[in-house]
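Asks: Fold the following and give me the result.
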Amino acid sequence: MKRRAPRAAALDSETARLEGPVRTCVGCRARAAKSALLRVVVADGVLVVDPSGRLPGRGASVHLDPDCVDLAERRKAFARALRSAGPLDAAPVRDHVAGLSTTF
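Replies: Model prediction:
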């Protein structure tokens, strides 16, 4: 009788070990804990940073990394994730992330 190799349990995956809600970064498409990502929303056609996570509307999450913000902008991921008709300027998000990286 042939024995099967044991199957990896779903609990062994990286995202299963994360505590709390999990979101996907629109830039690099990696999954991370909600607390490790920055939420952005569209308010009056402008991309707005929502660090408290309380603003109304559909939100998108991005890592606090300038590379992820640049990648999301190049891929037009903010507009797609937020279901916006036109292109969105990522300058407010880029400025917020740059301000956080200079404070460390």
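Asks: what's next to the helix or strand harbouring Ala79, contact-wise?
Replies: Element membership of Ala79, judged by DSSP states H and E, is helix 77-81. Outside of helix 77-81, the residues within contact range by Cβ atoms under 8 Å, 6 or more residues apart in numbering are 26-27, 40, 47, 58, 60, 71-72, 84-88, 90, 93. (C-beta placed from N, C-alpha, C; glycine too.)
Asks: can I get the CA coordinates of it in CSV?
Replies: Coordinates of each C-alpha in helix 77-81 appear next as CSV, following Å, rounded to 0.1, in the frame of the first residue of the first chain:
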residue,chain,number,x,y,z
ALA,A,77,-4.2,50.4,-9.0
PHE,A,78,-5.6,53.2,-6.9
ALA,A,79,-8.3,54.1,-9.5
ARG,A,80,-9.1,50.4,-10.1
ALA,A,81,-9.3,49.4,-6.5
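Asks: what about the residue lying closest to Asp67 once chain neighbours are set aside, which helix or strand?
Replies: Leaving aside its chain neighbours, Asp67 sits nearest to Gly27 (7.3 Å; criterion: Cβ to Cβ, 6 or more residues apart in numbering). Element membership of Gly27, judged by DSSP H and E, is empty: it is in no helix or strand.
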